[in-house]
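Visitor: Next input, structure requested:
(one chain, ligands or ions: 2)
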Amino acid sequence: TGTTRPQRLLRAVQERATRGDSESVIAAIDHFCRHQEWAMNVGDEKGFILDSVVSEVSPQTALELGTYCGYSTVRIARLLPPGGHLITLEFNPNYAAVARQVIAWAGLEDMVQVVEGASGDWIPHLREHFGIESFDFVFLDHWKELYLPDIKLLEECGLLRKGTVLLADNVICPGTPDYLEYVRKSQSYESHYFGSHLEYTRAEDGLEKSVYLG
Ligand SMILES: O=C(NC/C=C/[C@H]1OC[C@H](O)[C@@H]1O)c1cc([N+](=O)[O-])cc(O)c1O
Ligand SMILES: [Mg+2]
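Guide: Ligands and ions are numbered 1, 2, ... in the order given. Sure thing, here's the model as predicted:
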């Protein structure tokens, strides 16, 4: 048995990062992934692009699909404006348990809600359960084949509004071809590709930013 990689990542945060200091939590995870064990966080290079988009949108309401260990959750939450709130959906309870502790170590637990379960099950209930009218920003980083069905569900549930910004990780590697074709062809989206690399590697990857036009 022994520990899982997310548990070893959490231990690295608790040993190396300062409680309440989100920058040190981000740095500790990046150090762990570069020098100990690769893990599927968005990483520092794509994370810098994520930061710039979040800062530009300055969302009051944000949704993340795929929490994993909470790395991108911390990157987003640390940049939210006063009153801003982030809901992050995670299917795997073990990942969710680690993420809650990483987010708390960063001191951001008051701005973040980690919700366990399948995105497709939860999206239709976000409005009634969390009093959300619509999202200003959505970060997609969960199962790659769920990106397309989940944004269609968000559209159907009226959770996107004119100007909502979607940012999708891994559109090259592992790849999300059906999602990419949809947002690039649809008249309802204005899409732009930010080229980068797969976290902690030299492989090509990138983020697709898509603005919902209504
Ligand atoms: O599968 C990826 N992400 C989806 C995560 C899926 C897992 O976490 C949520 C779900 O419970 C599943 O167990 C992924 C994979 C790679 N990769 O290089 O294989 C790189 C990335 O940035 C990724 O987000
Ligand atoms: Mg990813």
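
Visitor: what are the ranges of the helices in the chain?
Guide: 5-16, 22-35, 43-57, 71-77, 93-105, 119-122, 126-130, 147-156, 177-185 (DSSP state H).

Visitor: Can you name every helix or strand that the fourth one contacts?
Guide: So that's helix 71-77. helix 22-35, helix 43-57, strand 61-65, strand 85-90, helix 93-105, strand 112-116, strand 135-140 (3 or more C-beta pairs under 8 Å, 6 or more residues apart in numbering; DSSP states H and E). Every residue, glycine included, has its C-beta placed from N, CA and C.

Visitor: Mind doing that once more with 6 Å?
Guide: Applying 3 or more C-beta pairs under 6 Å, 6 or more residues apart in numbering; DSSP states H and E, we find helix 71-77 packed against helix 22-35, helix 43-57, strand 85-90.

Visitor: Centre of the chain to the last one, how far?
Guide: In other words, strand 85-90. From the chain centre to the centre of strand 85-90 is a distance of 8 Å (C-alpha atoms, centre = their mean, to the nearest Å).

Visitor: Sheet-wise, list the partners of it with their directions.
Guide: strand 61-65 (parallel), strand 112-116 (parallel) (DSSP bridges).

Visitor: Next, see if the last one gets close to ligand 1.
Guide: Just to be clear, that refers to strand 112-116. No. Using C-beta under 6 Å from any ligand atom, we find that strand 112-116 stays clear of ligand 1, coming within 9.7 Å at best.

Visitor: will you turn the helices and strands packed on helix 71-77 into JSON lines that also has mean pLDDT, distance to ligand 1 and mean neighbour count?
Guide: Output for the helices and strands packed on helix 71-77, formatted as JSON lines (pLDDT from 0 to 100; distance: least, C-beta to the nearest ligand atom, whole Å; neighbours: other C-beta atoms under 10 Å):
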{"stretch": "helix 22-35", "mean pLDDT": "98", "distance to ligand 1": "11", "mean neighbour count": "19"}
{"stretch": "helix 43-57", "mean pLDDT": "98", "distance to ligand 1": "8", "mean neighbour count": "19"}
{"stretch": "strand 85-90", "mean pLDDT": "98", "distance to ligand 1": "6", "mean neighbour count": "24"}
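
Visitor: rewinding a little: among the strands paired with strand 85-90, show me which one is buried the most.
Guide: Highest mean neighbour count of these: strand 61-65, a mean of 26 (counted as mean count of other C-beta atoms under 10 Å).

Visitor: With respect to residue 160, which of the strands paired with strand 85-90 lies nearest?
Guide: strand 61-65 (9.9 Å; C-beta to C-beta).

Visitor: That closest one: how far from the chain's middle?
Guide: The answer for strand 61-65 is 7 Å, by C-alpha atoms, centre = their mean.
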